[in-house]
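Undergrad: everything below, folded, please.
(one chain, ligands or ions: 1)
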Amino acid sequence: LSLLSQFDPQVAAAVADEEARQEAHVELIASENYTSQAVMQAQGSQLTNKYAEGYPGKRYYGGCEHVDVVESLAIERACALFSADYANVQPHSGAQANAAAFMALVSPGDTVLGMSLAHGGHLTHGAAPNFSGKHYNAVQYGIDEATGEIDYAEVERLAQEHRPKLIVAGFSAYSQIVDWRRFRTIADSIGAWLLVDMAHVAGLVAAGLYPSPLPHAHVVTTTTHKTLRGPRGGLILSASGDEALYKKLNGAVFPGQQGGPLMHVIAAKAVAFREAMSQDFVRYQERVIANAQRMAEVFMERGYDVVSGGTRDHLFLVSLIRQGVTGKDADAALGRAHITVNKNAVPGDPQSPFVTSGLRIGTPAVTTRGFDVEDCETLAGWICDILDELAAGNDSSEIESQVRGQVDTLCTRYPVYPSAVA
Ligand code: PLP
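TA: Prediction:
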């Protein structure tokens with residue numbers, strides 16, 4: 001950072017502070033991860049300087065011969081990794097990948113059916129303040145509050161009643177296996193498109209540890225920065241064999257939604273896809289799931305409700321309704337102990353979406369830095385110690401500072417980027 005700190009000490013100081021925060025805090029936000037230094041090197045390269053509107057071999061700018069190599073590699077690797085025959089690696093983010101998929105599949109005013117934000121869906125699946133809720137007639141399904149699992153009967157009923165042109169499956173907060181085939185059967189019964197947003201589980205899918213939606217969905221979107229552990233960005237895939245659809249998707253990304261692609265990010269995506277093809281990556285994802293499962297068990301052993309009774313992926317939701325603790329207060333107390341989680345609405349939540357009665361906890365980041373099942377068990381115990389104090393209405397400052405000290409020792413044992421702390 002020396003050039004940066006000489007020229008711009010204010011930005012350099014904030015970057016250094018963020019590096020230190022990432023090293024010293026336990027990161028349990030389910031959508032975050034730590035990329036490799038190779039990914040960061042690609043993203044910090046001269047490719048940031050290049051305009052490359054268009055697609056490899058068909059650009060609107062000269063000088064694209066090298067970025068063409070990079071984008072072609074990213075496309076080939078994405079297709080190989082997910083057994084797809086179409087990939088668009090240009091979406092700047094998951095939200096833009098979804099916007100492009102909507103643009104290719106439906107027209108403004110059409111009816112779309114997606115999972116509600118309050119039940120674990122994403123903003124882009126039809127939430128009112130998002131483009132998907134504003135420009136389309138969005139109908140929303142949710143989970144069965146008794147089981148915490150997707151209410152497929154409700155999906156079917158809403159599909160028959162509203163005849164959406166597009167059904168969106170996928171989630172931001174769901175700990176069970178989604179039955180992609182069942183979604184496709186429902187979509188087929190009304191002649192709708194099926195879009196699966198696998199942003200959260202893309203890394204697990206790549207490792208073969210979560211069922212792939214590719215054989216079932218017409219279009220699959222994802223982010224590249226969650227379990228997949230690449231740079232922040234989006235990706236669109238398909239294995240439908242529908243060339244006309246692929247053309248529409250390409251046109252929806254550029255020029256439909258975006259201008260020039262971020263070639264430095266595409267280079268970093270290519271590197272991440274290569275990493276995801278390794279056996280090490282499969283072992284990593286196995287540990288992500290084992291760590292999440294052990295943490296969820298500890299919460300249940302300590303008397304906390306875990307939505308749907310456990311987890312089969314990288315995250316789970318803790319419901320604090322019975323304890324009368326808000327997600328907002330729990331999130332703040334854990335933050336003071338240097339444990340980062342996010343508050344999350346849970347089934348039957350009496351609180352507003354800003355307050356909530358739950359926490360979403362995910363293990364991709366801690367597993368990347370090396371935490372094993374025992375570390376995760378210990379960590380879950382510390383979290384319960386803090387929640388117990390909140391549930392009893394006690395002052396939690398003493399336990400928070402005790403846990404903060406233990407977190408500090410644990411984090412020092414597992415540096416995220418050893419060179420950053422050397
Ligand atoms: N789709 C899902 C399921 C997500 O969870 C998210 C992000 O949280 C997104 C899309 C949006 O991704 P981005 O933040 O890159 O726009």
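Undergrad: helix or strand: which one has the residue nearest to residue 46 when sequence neighbours are not counted?
TA: Distances taken as Cβ to Cβ, 6 or more residues apart in numbering put residue 264 closest to residue 46, at 7.9 Å, once the chain neighbours are dropped. Quick note: C-beta positions are derived from backbone N, CA and C, even for glycine. Using DSSP states H and E, residue 264 maps to helix 263-276.
Undergrad: quick check: mean pLDDT of that helix?
TA: Mean pLDDT, computed over helix 263-276, is 98.
Undergrad: how about the residues of this structure by the ligand?
TA: 31, 93-95, 122, 124, 170-172, 197, 199-200, 223, 234 (Cβ under 6 Å from any ligand atom).
Undergrad: between those residues, which is nearest residue 149?
TA: residue 171 (11.5 Å; Cβ to Cβ).
Undergrad: tell me the pLDDT of the closest one.
TA: Note on residue 171: pLDDT of 97.
Undergrad: go ahead and confirm it touches residue 115.
TA: Yes. At 6.0 Å, residue 171 counts as touching residue 115 under the criterion of Cβ atoms under 8 Å.
Undergrad: neighbour-wise, which of the two wins?
TA: More crowded of residue 171 and residue 115, by other Cβ atoms under 10 Å: residue 115, with 28 against 24.
Undergrad: in this protein, what residue is nearest the ligand?
TA: Nearest residue of the chain to the ligand (Cβ to the nearest ligand atom) works out as residue 94 at 2.5 Å.
Undergrad: for that residue, list the residues it contacts.
TA: Residue 94 sits next to 122, 124, 197, 199, 221-223, 234 when contact means Cβ atoms under 8 Å, 6 or more residues apart in numbering.
Undergrad: do the same with residue 68
TA: 52, 56-57, 59.
Undergrad: kindly confirm my reading that it is in a strand.
TA: No. Residue 68 is assigned helix when assessed by DSSP: H, G, I helix; E, B strand; the rest coil, not a strand.
Undergrad: I'd like the contacts of residue 94 written out as JSON lines, with secondary structure and pLDDT added.
TA: Formatted as JSON lines, the contacts of residue 94 follow (DSSP: H, G, I helix; E, B strand; the rest coil; pLDDT from 0 to 100):
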{"residue": "122", "secondary structure": "coil", "pLDDT": "97"}
{"residue": "124", "secondary structure": "helix", "pLDDT": "98"}
{"residue": "197", "secondary structure": "strand", "pLDDT": "98"}
{"residue": "199", "secondary structure": "coil", "pLDDT": "98"}
{"residue": "221", "secondary structure": "strand", "pLDDT": "98"}
{"residue": "222", "secondary structure": "strand", "pLDDT": "98"}
{"residue": "223", "secondary structure": "strand", "pLDDT": "98"}
{"residue": "234", "secondary structure": "strand", "pLDDT": "98"}
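Undergrad: now flag whichever of those residues is closest to residue 315.
TA: residue 199 (12.0 Å).
Undergrad: could you pull up the contacting residues of the closest one?
TA: Counting by Cβ under 8 Å, 6+ apart, residue 199 has contacts 31, 94, 122, 170, 172, 221-223, 226.
Undergrad: residue contacts, residue 55?
TA: Taking Cβ under 8 Å, 6+ apart as the test, what residue 55 contacts is 71, 250, 254.
Undergrad: my guess is the first one contacts residue 266, does it?
TA: Meaning residue 71. Yes. Counting by Cβ under 8 Å, residue 71 touches residue 266, with 5.4 Å between them.
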